[in-house]
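# next come a sequence and a model predicted from it.
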Amino acid sequence: MFALKFSILLGAQIEAITHRSFLYFQCITIDFFLRISLNMDHWLNACVATERAITSIRGAKFNERKSKKTAKYFIISLIILMISTTIHDPLHRRLIDDVDENGENKRIWCIVSYSSSLEAFNSTINVFNFFAPFFINLISAIIIIKSKARQKAIIQPEHTHRQHLNIQFQKYIHLLIAPILLVILDLPRLIISFASGCMKSVHNSWLFVTGYFLSFIPSMLTFILFILPNKTYKAEFGKTLQYFKRKIQIHIQPIS
């Protein structure tokens, strides 16, 4: 979806795509789905972090079947909530023609205009969807480190609680670094959501667009930051790859 949005934007700017009906359709749909997808990505990461924290606390008492059932209902509720709090976005989007001062170059931009009350609501939603998952990830990481240190202190009483805490901190430090790094990379999107007004300079407009697309990087780094550093998730990913590899080989062998 990100690649599609970028290609359409580039095509519109070099005047390769000029069909207004198509540009208007992508204006009210792609941006809407991108916003929902980004928010869903943040919240799903927070849900995974919460489940990890609960698992570390409950240990063997953790009910995996109940957790999967709860997760299904929660994801459906989350999708409905994201759509209901973002539905105002496509309703207030429109196309504008941006013509240079010399009148030679004409670009078509997709913009959104809100009333003051709707702007306040939109800003509140953006801030909440930005910081709430971040704090959930951070708190969950701290809970995991503390609970693991407490469990190790019971099994290995020869070491102090502080020593166990330092060991677990070094082991799970990626759980603390990942959300901080993601929130820093995602900051341009939050800043842009508060920006308003027109830019006369072409360089400023492309700087604005660059900052907008940089905010998609966190969603692309989920695998690198959360899967690869974790031995369990990495092992499950390897098993999944092997499973699909065998499936493909089974389907290819009869043909050959």
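Received, thanks. Bear in mind that the values here come from a model prediction, so they are computed numbers and not experimental data. Residues are numbered from 1 along each chain as shown.

# what about the residue nearest to residue 78 when sequence neighbours are not counted, neighbour count?
Across the structure, with Cβ to Cβ, 6 or more residues apart in numbering as the measure, the residue nearest residue 78 apart from its sequence neighbours is residue 43 (5.7 Å). Where C-beta positions appear, they are placed from N, C-alpha and C, glycine not excepted. Using other Cβ atoms under 10 Å, the number of residues around residue 43 comes to 20.

# list the contacts of residue 43.
Residue 43 sits next to 78, 82, 129, 133 when contact means Cβ atoms under 8 Å, 6 or more residues apart in numbering.

# now list the buried members of the residues you listed.
Buried residues within the contacts of residue 43, counting neighbours by 16 or more other Cβ atoms under 10 Å: 82, 129, 133.

# quick one, what contacts the second one?
In other words, residue 129. Shown in contact with residue 129 (Cβ under 8 Å, 6+ apart): 39, 42, 43.

# for the second one, pull up the helix or strand it's in.
Taking DSSP states H and E as the criterion, the element that holds residue 42 is helix 20-58.

# check the offset of that helix from the chain's centre.
From the chain centre to the centre of helix 20-58 is a distance of 6 Å (Cα atoms, centre = their mean, to the nearest Å).

# need the buried ones among the contacts of residue 43 in JSON lines (columns: secondary structure).
Listed next are these as JSON lines, based on DSSP: H, G, I helix; E, B strand; the rest coil:
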{"residue": "82", "secondary structure": "helix"}
{"residue": "129", "secondary structure": "helix"}
{"residue": "133", "secondary structure": "helix"}
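
# residue 55: which of those residues is nearest?
Within the buried ones among the contacts of residue 43, the smallest distance to residue 55 is 18.6 Å, found for residue 133 (Cβ to Cβ).

# pretty sure that closest one contacts residue 45?
Yes. Assessed by Cβ atoms under 8 Å, residue 133 is found in contact with residue 45 at 6.3 Å.

# common neighbours of those two, please.
A shared contact of residue 133 and residue 45, defined by Cβ under 8 Å, 6+ apart, is any residue touching both; here these are residue 179.

# now do the strands in the stretch 51-200 of the chain.
With DSSP state E, counting those that start in this stretch as the definition, the stretch 51-200 of the chain shows strands at residue ranges 93-99, 106-112.

# closest one to residue 139 among those strands?
Of all those, the one in closest proximity to residue 139, counting by Cβ to Cβ, is strand 106-112 (32.8 Å).

# just give me the neighbour total for residue 147.
Neighbour count for residue 147, taken as other Cβ under 10 Å: 18.

# start at 27, not 1
Let's use 27 as the start, then, which means that last one is residue 173.

# for the closest residue to it other than its chain neighbours, give its distance to residue 168.
Here the nearest residue to residue 173 in space, its sequence neighbours aside, is residue 82; by Cβ to Cβ, 6+ apart that works out to 4.4 Å. Distance from residue 82 to residue 168, counting by Cβ to Cβ, to the nearest Å: 11 Å.
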